[in-house]
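Chemist: The following comprises the amino acid sequence and a computationally predicted model.
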Amino acid sequence: MYYWQMYCTAMAFLTRFPLVHRFANWERLGESVIFFPLVGATLGILVGWWWLALDWLFPGHLTGALALAVTLMLTGGLHLDGLMDSSDGLFSGRNREGILEVMRDSRVGAHGVTAAIILMLIKYSVLSTMDNRQAIPFLITAFTTGRWAMVFALGWFPAARPDGLAHHLKKGLTPLHLVASTVLTVAVAGIVVFPFGLAMAGLAGLMAWWIGNQFTARIGGMTGDNCGAILEIVETAVLVTLMAFAP
């Protein structure tokens, strides 16, 4: 029952599935991060099957657009919002306090819009050129490693704000949780796209470490927005890499 509750909590936090909220325990949100990669695998299966169904009906470019649309619907655009806020803050040219102030602002600036457009174009290009043998395994791998990258960044770097989302998530994240989440990610990615999935898990870790270092150097740690940005960037990079090198 505990594991089901933690999975539902992670699902309710990372997606917009209404049914899982009744089983979620928000007081133990930090403990649920171990299941973030499993939520990614679930989303990969759902979006992958949706892609396959669309591929029977429509040409590739329309399939890619509709698959991207359903992905945003399932997640509520939560992580994309983090990418836009992080881009606006980091490219504002301000000091630490100024960057955090920009990131708190609900309005989106030019840097955020530009980052979102570029990332969506890349994702659309991948989704519109995949074939039906690649859709489900590639999406499972990308969505799983992207969400694990967020867990890795939370565990490795300090929180930028003492009252922010990253701080609250870190309170329940122990080294054992991080190890378990890593094992789960390697297992899922390694099985569905062997042996490329193992390399993708390594790529996700390296990217999360490098991007997290950039955030930490500028604002002293991680915020919830930064976690969303890492997820989006890693997810997209894994999809592109799989398309380039995996059979």
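Modeler: Alright, I've got the coordinates. Numbering: from 1, shown residues only.

Chemist: List the contacts of residue 115.
Modeler: Counting by CB atoms under 8 Å, 6 or more residues apart in numbering, residue 115 makes contact with 83-84, 87. For the C-beta atoms, the positions are set from N, CA and C on the backbone; glycine is no exception.

Chemist: And it, how far from residue 150?
Modeler: 17 Å (CB to CB, to the nearest Å).

Chemist: Please apply the same query to residue 24.
Modeler: Distance of residue 24 to residue 150, given as CB to CB: 18 Å.

Chemist: Kindly report the same for residue 132.
Modeler: Here residue 132 is placed at a distance of 29 Å from residue 150 (CB to CB).

Chemist: who has more neighbours, the two?
Modeler: Per other CB atoms under 10 Å, whichever of residue 132 and residue 150 has more neighbours is residue 150, with 33 against 11.

Chemist: what's the following helix or strand after the one helix or strand that one maps to?
Modeler: In the assignment (DSSP states H and E), residue 150 maps to helix 135-156. As assigned by DSSP H and E, the chain's next helix or strand after helix 135-156 is helix 165-171.

Chemist: The helix or strand following that next one packs against which elements?
Modeler: Next along the chain after helix 165-171, taking DSSP H and E as the criterion, comes helix 175-192. Contacts defined by 3 or more CB pairs under 8 Å, 6 or more residues apart in numbering; DSSP states H and E place helix 175-192 against helix 36-55, helix 135-156, helix 196-219.

Chemist: which one of the ones you listed has the most crowded surroundings?
Modeler: Scoring those by mean neighbour count under mean count of other CB atoms under 10 Å gives helix 135-156 as the most buried, with a mean of 27.
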